[in-house]
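> fold the following and give me the result.
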Amino acid sequence: MWKLSSVLLACSLFTACAASTHSTALSALGVARSSKDLLAVIDQPGLLEVESVVSADWSVPRSGVINLGHPKAKAARLEDGDEPIQIYFHVVRHPTHGTFIIDTGVERALRDDPERSAMSGLVRSAMHLEKLIVHMPLGDWLANQPAPIDGVLMTHLHLDHVSGMPDVPKGTPIYAGPGETSSRQFLYMFTQGSIDRALEGQAPVQEWPFRAGEDRFAGVVDVFGDGSLWAIWVPGHTPGSVAYLARTATGPVLFVGDTSHTSWGWQHDVEPGSFTGDQELNAASLGVLRKLVEEHPRIDVRLGHQHLAAPVPTR
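Residues are numbered from 1 along each chain as shown. Below you'll find the model as predicted:
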């Protein structure tokens, strides 16, 4: 108990705690490009295969994932309450670079022995994990693969996105946006220890080498150097939030992360609520991604925590 009190006291000396104390390094993978480079190839068929896996079902406060103070949310008379969501990990297969996952779902221990999971009892209670229904922990999925994965591509380092990391083999490269471990939010006072445990024993988090001053996006990285997979810097939800665009044989697939958690938020251009660090910046990043999809309607959008529902017809 004294240790927890000491951590909270130390954190209270600052505005907030950092997300994690885990070490970082500049990414050895990826080349900084311009938005023109991405747009030049976005509609061309690609060579990647992708898959989205529902690791768990959950429910969270609607006020966390949708800004209920937004005029559109008020007009729709949205009220707070349980919002059903999913926790995903996504699979990206490259014919020569191998298999990568985007985010990590949940770890086996959350299903089999929660006391041994990375999440502390305090965090499990605060996050109401009694509402969590585990379908495919990352460890089960990995055990059925013919070869180890070649890397983990993080959209951001919130706990519900790194919670499967204990199942990832040690030494697997991990990639994320700049400043993700060092970003500060009040929330991290309570989650930093659990995030650190999820990352314990792993290699340093490699930060994408985004080039600042991009004309359209905050930054763009050609992940494999062949134009097949792109990391797009979308700050707001967290300072280093990243969306990924994969070019497949059937068209581009956009993994937006928590720039938009929900189908309603995406369709109505309303940013997330209290779970987001900077709502104004998040709204701007959401607008950038929505504009990209409007211009390239063949893009298959994969949201942070829900399936994108078909839009409601208007009369």
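> okay, CA-based contacts and neighbour counts for the rest of this
Will do.
> can you show me the helices along the stretch 101-250 of the chain?
Applying DSSP state H, counting those that start in this stretch to the stretch 101-250 of the chain gives helices spanning 108-112, 121-126, 138-143, 159-162, 188-199.
> rank the ones you listed by pLDDT, which is bottom?
Mean pLDDT is lowest for helix 121-126 among the helices of the stretch 101-250 of the chain, at a mean of 86.
> pull the longest helix from the chain.
Of all the segments of type helix in the chain, defined by DSSP state H, the longest one is helix 279-295.
> out of the helices of the stretch 101-250 of the chain, nearest to R298?
R298 lies closest to helix 159-162 among these, at 26.7 Å (C-alpha to C-alpha).
> show me what that closest one is packed against.
Using 3 or more C-alpha pairs under 8 Å, 6 or more residues apart in numbering; DSSP states H and E, the elements in contact with helix 159-162 are helix 188-199.
> quick check: buried residues in the helix it packs on?
Burial within helix 188-199, assessed by neighbour count using 16 or more other C-alpha atoms under 10 Å, is assigned to Y188, M189, F190, T191, Q192, G193, S194, I195, D196, R197, A198, L199.
> any stretches of this protein with poor pLDDT?
The model of the chain has pLDDT under 70 over residues 1-16, 214, 310-315.
> now the buried residues of helix 188-199 as a markdown table including distance to P239?
A markdown table is the format used below for the buried residues of helix 188-199 (distance: C-alpha to C-alpha, whole Å):
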| residue | distance to P239 |
| --- | --- |
| Y188 | 14 |
| M189 | 17 |
| F190 | 19 |
| T191 | 17 |
| Q192 | 16 |
| G193 | 20 |
| S194 | 20 |
| I195 | 17 |
| D196 | 18 |
| R197 | 22 |
| A198 | 20 |
| L199 | 19 |
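> contacts only, for A32.
Shown in contact with A32 (C-alpha atoms under 8 Å, 6 or more residues apart in numbering): P209, F210, R211, G219, V220, V221, D222.
> what about it, which SS state?
strand (DSSP: H, G, I helix; E, B strand; the rest coil).
> now it. Nearest residue, chain neighbours left out?
Distance criterion C-alpha to C-alpha, 6 or more residues apart in numbering; nearest residue to A32, sequence neighbours excluded, is V221 at 4.4 Å.
> which residues does that neighbour contact?
Shown in contact with V221 (C-alpha under 8 Å, 6+ apart): G30, V31, A32, R33, W208, P209, F210, W230, A231, I232.
> same deal with H90?
Contact analysis of H90 by C-alpha under 8 Å, 6+ apart lists V50, E51, S52, V53, I101, I102, D103, T104.
> how about 7 Å then?
Under the criterion of C-alpha atoms under 7 Å, 6 or more residues apart in numbering, the neighbours of H90 are E51, S52, V53, I101, I102, D103.
> what does A218 give?
Applying C-alpha under 7 Å, 6+ apart to A218 gives the contacts A212, W233, V234.
> make a PyMOL selection of the buried ones in the contacts of A32.
Provided next is the PyMOL selection string for whichever of those are buried by 16+ other C-alpha under 10 Å:
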select buried, resi 209+210+219+220+221+222
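> list just the nearest of the contacts of A32 to N282.
For the contacts of A32, the closest approach to N282 (C-alpha to C-alpha) belongs to G219, at 14.8 Å.
> so who does the closest one touch?
Contacts for G219 were tallied using C-alpha under 7 Å, 6+ apart; they are F210, R211, A212, I232, W233.
> burial count for the third one?
Here the number of neighbours of A212 (other C-alpha atoms under 10 Å) works out to 12.
> thanks again, I'm all set now.
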